[in-house]
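*Asks:* What would the 3D arrangement of this be:
(chains A, B, C and D, ligands or ions: 2)
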Amino acid sequence: MRYLPLTEADRQQMLSVIGAKHIDELFVDVPKGALLKDLIDLPKAQGEIEVHRHMQRLAEKNIPAGRTAFFLGAGAYRHHVPASVDHLIQRSEFLTAYTPYQPEIAQGTLQALYEFQSQVATLLDMEVSNASMYDGSTACAEAAMMAARVTKRKKIVFSGGVHPHYIETARTACEALGLEIVALPAAIDDEAAVTGKLGADVAAVIVQSPNVFGTITDLSKIREAAHGAGALMVATFTECTAFGLIEPGGSYGADIVCGEGQSIGNALNFGGPYVGLFTVKEKYLRQMPGRVAGETLDADGKRGFVLTLSTREQHIRREKATSNICTNSGLCQLAWTIHMTLLGEKGLRQLAALNHEKATQLAFALGAVPGVEVLTTRFYNEIAVRLPKPAQGVVDTLAAEGVIAGVAMSRLDPKAGMDDVLITCATEMNTHDDIATYADALKKVLAQ
Amino acid sequence: MRYLPLTEADRQQMLSVIGAKHIDELFVDVPKGALLKDLIDLPKAQGEIEVHRHMQRLAEKNIPAGRTAFFLGAGAYRHHVPASVDHLIQRSEFLTAYTPYQPEIAQGTLQALYEFQSQVATLLDMEVSNASMYDGSTACAEAAMMAARVTKRKKIVFSGGVHPHYIETARTACEALGLEIVALPAAIDDEAAVTGKLGADVAAVIVQSPNVFGTITDLSKIREAAHGAGALMVATFTECTAFGLIEPGGSYGADIVCGEGQSIGNALNFGGPYVGLFTVKEKYLRQMPGRVAGETLDADGKRGFVLTLSTREQHIRREKATSNICTNSGLCQLAWTIHMTLLGEKGLRQLAALNHEKATQLAFALGAVPGVEVLTTRFYNEIAVRLPKPAQGVVDTLAAEGVIAGVAMSRLDPKAGMDDVLITCATEMNTHDDIATYADALKKVLAQ
Amino acid sequence: MSYETTSGNKGLQQAEALIFETGHATGTGVDLPEPKGGAYEKLGGLGRKAALELPGFSEPETVRHFVRLSQKNYAIDLGLFPLGSCTMKHNPRLNERAARFEGFADLHPLQPTSTIQGALELMDELAHWLMELTGMPAVALSPKAGAHGEFCGMLAIKAALEARGEAETRRRVLVPESAHGTNPATAVAAGFIVDEIPARDDGRVHLDDVVAKLGPDVAGVMMTNPNTCGLFEPEIKRIADAIHEAGGYFYCDGANYNAIVGKVRPGDLGIDAMHINLHKTFSTPHGGGGPGAGPTVLSAALAPFAPVPHIVKRGDVRELREHSDGTQAFGRMCAFHGQMGMFTRALTYMMSHGSDGLRQVAEDAVLNANYLLARLKPHFNAPFGERPCMHEVLLDDSSIKPKGVETIDMAKALLDEGYHPFTTYFPLVVHGAMLIEPTETEPKRELDRFADVMIALAERVNAGEVEFFKQAPKLAPMRRLDDTRAARSPKLRWKPEANSAAKQAAE
Amino acid sequence: MSYETTSGNKGLQQAEALIFETGHATGTGVDLPEPKGGAYEKLGGLGRKAALELPGFSEPETVRHFVRLSQKNYAIDLGLFPLGSCTMKHNPRLNERAARFEGFADLHPLQPTSTIQGALELMDELAHWLMELTGMPAVALSPKAGAHGEFCGMLAIKAALEARGEAETRRRVLVPESAHGTNPATAVAAGFIVDEIPARDDGRVHLDDVVAKLGPDVAGVMMTNPNTCGLFEPEIKRIADAIHEAGGYFYCDGANYNAIVGKVRPGDLGIDAMHINLHKTFSTPHGGGGPGAGPTVLSAALAPFAPVPHIVKRGDVRELREHSDGTQAFGRMCAFHGQMGMFTRALTYMMSHGSDGLRQVAEDAVLNANYLLARLKPHFNAPFGERPCMHEVLLDDSSIKPKGVETIDMAKALLDEGYHPFTTYFPLVVHGAMLIEPTETEPKRELDRFADVMIALAERVNAGEVEFFKQAPKLAPMRRLDDTRAARSPKLRWKPEANSAAKQAAE
Ligand SMILES: Cc1ncc(COP(=O)(O)O)c(C=O)c1O
Ligand SMILES: Cc1ncc(COP(=O)(O)O)c(C=O)c1O
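*Replies:* Ligands and ions are numbered 1, 2, ... in the order given. As a prediction, this is how the structure comes out:
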């Protein structure tokens, strides 16, 4: 077996050093009957050629985004990741390292983490960032739980613009802890509904901007209302490139800003692995979940980095930990940092402007299709449109034509009562032709 | 421009340190009128997205071997290269290093070279290997020239089984030096014709086994005849995996054994880059072309490796050099070494046996097609067959059916008078189904 | 041999400042068309006002920065990485290739299901392998790492209790003292109360201790098997039976599954839920801290409560059920379907090994650990060394501490010898623990060299060379780093005002 | 800080033996079906008899072996690699990706042309770029490196002379003393006789010197421009005219084309043939010694003699002409069509830069070199430093040698500072030459750091620290290696009998 270096001779020799005759003597503690005599009924070992072929066959049963006119976002975005990013994250020293528990031989990972934290905090205009969460949805759930810890309150209010999957993820986690989730009705423009709903029992109000319908929101009023009620404001997001063009939650005084980082450095990957970004105000640092790298000195007085503040974490605090998270999104976080380093302020601003430009072109093109109404008026790269037919059927029909038009709101939330709403987005990857193809195909489908 | 780090501010500042006002002041030596004022009429800079798209579009105008039933060899072979090979050769420290002129910071390259030389010499059963040539054809040409130097004679005899492109490459190089090339008529079994032709003016007889028709030859008689005439025997090859199963030239007492290494570690790449293998008897070492790594000690007495015997080479010997070669096939040679390390004796023997097995299956299947005659009786993984029609047309027709059947001998050598001969090969990549598809398609085409 | 160079480099070891110290806002490594300007701006006046101050680098500078950083890391690809509980095995490169196939990597999780049939089939195949290997009837693929899998399993238990109307009454979860920190943290996150089973001298959980704690308020137990001391729990089956009898469920932490894959099916031991760290047993790369994946197998009792999404097969076509309404699913673990990029790697790994190779994995992992145990036992205290271990060797510093050398010093001395050390001070139940997990991908000669080094270090302890250890590491990229200083006044990000000070320190 | 470790490692620097010392014939990292045996054997009794004794490694061991080796190398990705004449610029990663597209990498050179239209189109595009940039009407793509391109160009000259019936009479080729070794070696390989043009104090080739050597037996001249001293040849155009007038041809070594790409077209200078090292100017990776690619542009006079294969366009379809019969082609350079893998990379590079970016390449390369010249001139002797240089700075050791420090010592001291040194002792016409080529992909701060280091070293020379230099390197993976010993009794491969001795040395 190509991955197993021991030879039969090695095995015999090692057993004799151990003083055992047969390998099963080392499994003595396994209860009688539970030690399998036969092989489990699964295929036997296969060579690279065969396995490669099998995986390729499976891959080719899918239609990759790049082979279509592609306008789907809603939590995951198709951006160009420079070739050097994937090259660098595949370096053995990054790819096959563990969590940097021995900082003297892990400065590569640690310095990159420190740079990541610095970039994320800068991008989101926040004071402190952790070293990543699993993804945006779990980061958002952690924010809800953290807010409950900070405020010692039990009610979490979700604005009507938060991605339904984020709400469900948080609901699953929070209800187990006995927290109450109040999810306001889905709304293209969700600001007004939130500000009214905040009583003295609210731990946090969670808002998303750009929201799931693409709407961008001035969060000042919500922040005022939240803070007025003694609640935290959590600002979440699914598209982090937006903050190259619009103000992030931190600029509106949010207490926690968290969301999905996939857009930078990471491929679509059918939903994972992604990278959750998580930032807080410094005063809440001790309640922050997840790892964090910090600066220190070595015995010679040289600057270096270590994982720090681990008394918040499960391996020290156990049942009193701020979270149970252990393994996080290391390599995806590294990809984020590398891509962000390549972008810099200049590249990020250009990228964001380009996304916005494509989205305005898309809005214009779709708005010109008879029967289609563009619902989102302030947006970054995503919009919601109302169709004269149920959106799910339109999406399916268009897919057969090679157009991935977006996602029907009814798929994300069947109970929202928005069956005719389609969420659609454009990025720097969309050409003018793509947009024309989409609009033409939509016109045809709607005319049928 | 994403690859150019200087900013405009840097440029201005640097010019002022230099004491120049404008960059063109640094180009003062360019003759008046030759310094271009305008941009050359070519497209301007493009981003990764656009260039990627363009290259992909070109790539997709080809039909990759793997998307066909593929049976083409004749100098380049489709084998499986383990994924780890490509991963390792892309390590920055290998990929972006230069020729190891500073051995203290190039031991990675140098030790790998030493291992390569050791592996190649072992595989070919020869005493000394160099550090690689461009490819098999140029290695063979170098062997011809080296034989002329060693023997101080001017006639090179090519057996009728040598790849026609190798003969043409050697002819081009040798005739410039005033050497005479005698190419014997192409012959499936070329042994007998050679032994008769060797006079006292012959510098070398060059034979290939497996030859271009796949025939493997006992080189003992040719060796005897060559040495009897005071000539060298040069054994060349295009398929180095063969020597996991058959005796290499070295075992027959060849003076120079050289050929193509592509089969191990290297993709088809439409013909290049490949890696030429070049080995000699130790007594001819000082006449060997190309670089070579050797063992030595450092100032602390530790073993290390350096490029050595450079007094043979152009950068020291200039017009008296054994060759003008400078840049060779570094990274392809590294890929060869890595793949060979993965194979080891065990894997190589299995690989070779598997190739042979597939080729016998192929010979059997094609032999059963009405009108087809299998011409090669002793072979490794390649055979020649006689078709009842001109082979070129059959190849073209089959290509349209998704079968790449091999190459018509008339394409390699239109003057050989073998228009009905097809050269076809099988490797570990061919499935049973592939072979059946091929045989069926051939049957149909021949029946038309 | 050492002197201060002008460059700050030491031979091949390159000094490297922070990007914030050397980059600038106009630097960039991407070429994008200049935006056409605000003509069509639809931002509603919410455009970003202040400068971002994010440094950018050209591609050459970026590549160099991260290549330089990378060389300050240790990694499996450099040598033995015997970090106990972490299963640092070789990461096959075929897996990396497969994960990057366009048909997997360039697939959006919300594409119409007609366009993702291969992806769903792959998930089903992976599920099949996991279920067959563990002998369990169901698996939830979506958990994103081990701890997330624990959370999934405990939520399934909670949902099952709820379905029985006992969620309010059964809130106590028994967790051995030796458990990994994620276990108690997870139990609490799932709304349970942790009740610790105290450690025993033999490193095992005793049936009696469990039985003593059972009662009508017990939701279940969270045990690790093989456990964190590297031992198989001999009474596991009987403990499971006792728990079930008492109306509770058995959660098994499967982090150490590598020791028994193909040899023992957790389903045969009475387990109700177990996460599998694909980044351990099934070799998806650790990547310096993630990503992982924590599919969680479930017993028949818990299967109905598995979280969405579910894959539903209708004839030849696979569909996704994405909402829990109308099902017993307890909810949703994350936005999408889990760590697809890890699924492709893990399936590639499994198919490469096959049922025979996976069994050999367990045997070789256990053999390698016992071989190290045999070689090291004469030189160190092995608290449970009387019986064979599983895939990990547990030593402690009790024989060296009296001579002034602790576990941490031994670890730092290993850095100079070119090794990543063992896991230090875990499990907590053994003082000065050194937990060594070689894994099956180490050849014998690497084990021997490591054992030689450990023994040579033990001899230095015996020779009284305490300062040697306290000064270590001396040959690593950095000397010992000051954790206390880092935690005392945390500096967690680069800040412009700290700029010049930091720059000085870097030089 | 240094001591002998038990493992032989020093922190992250891993000791690593030869595969022949640690591998064995039964080890393997591939899984192939066991062959079914000899039933169908068609070997005619010529099967391999003796054991091969090729060592094999599992994949984990193989990966580790080569990763460990790799870390003993310096590379562009680690830092400045100012090796004059080698143009060690950044290698963009997009190019690596493009070269690996299945549609290029998995293509056989002899596939029917209907299946390779994209490949032929790519070659045509590359040819178009090269011809436009150089202002030349033809290009032979097949040469496999620079020296092979020289050979191609000289054979084209020979063929042109033959066509004129002057091949026998015109055999003398003028080559400046400063030429790279490949030039005279190539001329001889092509059957010419080398006549050296002696060097001049100003590092240039003088028209007078050339004219003095012209005659009816002169085939041509081989000059390098910019030349190996890093200078543009001011009289190049007039030299070309003189050569042409005398009935000869002008071969230009294009190794230094990076300095003028987009700024000057060689075709405007009267050049008849010039190779372009795609692995220099167009950034295909050097790979530790290759592969390269040496497409050779040809003037109208030489174009008819270009070697096969030729691409022939018929309507929209491209065909290959693979035999020289019926053409004036001088023959064939190699078995197939040249270095396709380099063509994809080079075209990707060219399109990324565009005509504007390529011009900027030349300007920045020249600017960087002149900046270094300005900073270093006060501290070292710059033999031609009075005028601007092109992309290379030429220093020599005349100012330091009297103090006991030579070029080689300076080079070895740079190793400790974390740099690959300049090219040493080339060109031969300058004693103790140090030829520094920074390339355009270096940011200013890297140039400044390098200059600081060079200046600090110059100060050490002035301070009389000769031993410091003679002992260098001290921080590199190895101390100074003994070239003489290696050449005296060459050990060029591992041999079983030498096994145990070698093993001892490794330990
Ligand atoms: C015993 C044990 N349980 C649980 C975990 C948590 O797994 P993860 O890091 O994948 O969340 C670990 C990881 O180190 C572990 O060792
Ligand atoms: C001036 C000069 N000419 C020719 C060559 C030979 O080119 P190649 O190494 O590609 O054969 C070189 C390479 O270093 C060179 O510097």
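
*Asks:* domains for chain A, by residue range?
*Replies:* Chain A breaks down by automatic domain parsing into domains covering A:66-79+A:345-447, A:83-340.

*Asks:* mind checking the end-to-end distance for the shortest one?
*Replies:* Looking back up the chat, that one is domain A:66-79+A:345-447. Domain A:66-79+A:345-447 has an end-to-end distance of 27 Å (Cα to Cα, to the nearest Å).

*Asks:* can you check the longest one too?
*Replies:* The separation between the terminal residues of domain A:83-340, taken as Cα to Cα, is 13 Å.

*Asks:* tell me the contacts of residue 362?
*Replies:* Answering for chain A, as no chain was given. A:71, A:383, A:424-426, A:430, A:435, A:438 (Cβ atoms under 8 Å, 6 or more residues apart in numbering or on different chains). Heads up, the C-betas are built off the backbone N, CA and C, glycines and all.

*Asks:* Hmm, no, I was thinking of chain C.
*Replies:* When contacts are counted by Cβ under 8 Å, 6+ apart, residue C:362 touches C:258-263, C:391, C:440.

*Asks:* what's the answer for residue A:363, then?
*Replies:* By Cβ under 8 Å, 6+ apart, the contact list for residue A:363 reads A:374, A:376, A:379, A:383, C:42.

*Asks:* do residue A:274 as well
*Replies:* Residue A:274 neighbours (Cβ under 8 Å, 6+ apart): A:76, A:134-136, A:260-262, A:266, A:329, A:332.

*Asks:* what's the spacing between it and residue A:96?
*Replies:* Relative to residue A:96, residue A:274 is positioned 21 Å away (criterion: Cβ to Cβ, to the nearest Å).

*Asks:* which element follows the helix or strand harbouring residue A:277 toward the C-terminus?
*Replies:* Using DSSP states H and E, residue A:277 falls within strand A:276-280. As assigned by DSSP H and E, the chain's next helix or strand after strand A:276-280 is strand A:293-297.

*Asks:* Show me which positions of that following strand end up buried.
*Replies:* A:293-297 (16 or more other Cβ atoms under 10 Å in any protein chain shown).

*Asks:* For those residues, which two are the farthest from each other?
*Replies:* A:293 and A:297 (14.4 Å; Cβ to Cβ).

*Asks:* just checking, residue C:44 touches residue A:380?
*Replies:* No. With contacts counted by Cβ atoms under 8 Å, residue C:44 stays clear of residue A:380, the gap being 10.5 Å.

*Asks:* list residues touching both of the two?
*Replies:* Shared contacts of residue C:44 and residue A:380 (Cβ under 8 Å, 6+ apart): residue A:216.

*Asks:* Give me the residues contacting the strand holding residue A:277.
*Replies:* With contact meaning Cβ under 8 Å, 6+ apart, strand A:276-280 is reached by A:120-121, A:124, A:126-130, A:132-139, A:142-143, A:146, A:240, A:250, A:255-261, A:287-290, A:328-329.

*Asks:* interface residues of the stretch 251-400 of chain A facing chain B?
*Replies:* By Cβ under 8 Å from any Cβ of the partner chain, the part of the stretch 251-400 of chain A that sits against chain B consists of residue A:342.

*Asks:* Helices along the stretch 251-400 of chain A, start to end?
*Replies:* Taking DSSP state H, counting those that start in this stretch, the helices of the stretch 251-400 of chain A run over residues A:314-317, A:330-367, A:391-400.

*Asks:* quick one, which of these is packed in tightest?
*Replies:* helix A:330-367 (a mean of 25; mean count of other Cβ atoms under 10 Å in any protein chain shown).

*Asks:* Off-centre distance for it?
*Replies:* Its chain's C-alpha centre and that of helix A:330-367 lie 16 Å apart, by Cα atoms, centre = their mean, to the nearest Å.

*Asks:* likewise stretch A:188-200?
*Replies:* 25 Å.

*Asks:* And for stretch C:66-83?
*Replies:* Here the centre of stretch C:66-83 is set off from its chain's centre by 17 Å, with Cα atoms, centre = their mean.

*Asks:* Taking chain C, what residue is nearest to ligand 1?
*Replies:* For chain C, the residue closest to ligand 1 is residue C:146, as judged by Cβ to the nearest ligand atom, at 2.3 Å.

*Asks:* pLDDT wise, what is that residue at?
*Replies:* Residue C:146 carries a pLDDT value of 98.

*Asks:* Find the nearest non-adjacent residue to whichever residue of chain A sits closest to ligand 2, please.
*Replies:* Distances between chain A and ligand 2 by Cβ to the nearest ligand atom are smallest at residue A:87, namely 24.7 Å. Nearest non-adjacent residue to residue A:87, counting by Cβ to Cβ, 6 or more residues apart in numbering or on different chains: residue D:93, 4.5 Å away.

*Asks:* wait, isn't the one you found in contact with residue A:81?
*Replies:* No. Applying Cβ under 8 Å as the test, residue D:93 and residue A:81 come out as separate, 11.1 Å apart.

*Asks:* quick one: contacts for residue 309?
*Replies:* I went with chain A, as the question did not name one. A:285-286, A:292, A:294, C:487, C:490.

*Asks:* switch to chain C, that's the one I care about
*Replies:* Here residue C:309 is in contact with C:142, C:320-322, C:332, C:336-337 (criterion: Cβ under 8 Å, 6+ apart).

*Asks:* likewise residue A:243?
*Replies:* Counting by Cβ under 8 Å, 6+ apart, residue A:243 touches A:123-124, A:237, A:352, C:48.

*Asks:* Among those residues, which are located in helices?
*Replies:* Per DSSP state H, helices hold the following members of these: A:123-124, A:352.

*Asks:* pLDDT-wise, which helix or strand of the chain ranks last?
*Replies:* No chain specified, so I'll use chain A. Across the helices and strands of chain A, mean confidence by mean pLDDT, DSSP states H and E is lowest for helix A:314-317: a mean of 84.

*Asks:* ah, no, chain C please
*Replies:* The weakest-scoring helix or strand in chain C, judged by mean pLDDT, DSSP H and E, is helix C:499-506 (a mean of 45).

*Asks:* need the helices for the stretch 51-200 of chain A, in chain order.
*Replies:* With helices called from DSSP H, counting those that start in this stretch, the stretch 51-200 of chain A shows them at A:83-89, A:92-95, A:107-124, A:136-151, A:164-176, A:191-195.

*Asks:* Distance from the fourth one to the middle of the chain?
*Replies:* A distance of 15 Å separates the centroid of the chain from that of helix A:136-151, by Cα atoms, centre = their mean.

*Asks:* which parts of it are buried?
*Replies:* Along helix A:136-151, these residues count as buried under the neighbour rule (16+ other Cβ under 10 Å): A:136-148, A:150-151.

*Asks:* Flag every residue of chain C that's near chain B.
*Replies:* C:11-12, C:24, C:26-33, C:57-61, C:63, C:67, C:92-94, C:96-97.

*Asks:* Now which of these would you call buried?
*Replies:* For the residues of chain C next to chain B, a burial check counting by 16+ other Cβ under 10 Å picks out C:11-12, C:24, C:27-32, C:57-61, C:63, C:67, C:92-94, C:96-97.

*Asks:* Show only the entries of those found in helices.
*Replies:* Counted as lying in helices by DSSP H, out of these, are C:59-61, C:63, C:67, C:93-94, C:96-97.

*Asks:* Can you pick out the most distant pair from these?
*Replies:* C:61 and C:94 (32.3 Å).

*Asks:* I figured residue A:342 hits residue C:57, correct?
*Replies:* Yes. Contact criterion Cβ under 8 Å: residue A:342 and residue C:57 qualify, at 6.7 Å.

*Asks:* center of chain C, which residue is that?
*Replies:* The residue lying closest to the centre of chain C (Cα atoms, centre = their mean) is residue C:86, at 5.6 Å.

*Asks:* what's the closest residue in space to that one that isn't next to it in sequence in contact with, if anything?
*Replies:* Leaving aside its sequence neighbours, residue C:86 sits nearest to residue A:98 (Cβ to Cβ, 6+ apart; 5.6 Å). Applying Cβ under 8 Å, 6+ apart to residue A:98 gives the contacts C:81, C:83, C:86, C:88, C:286, C:288-289, C:420.
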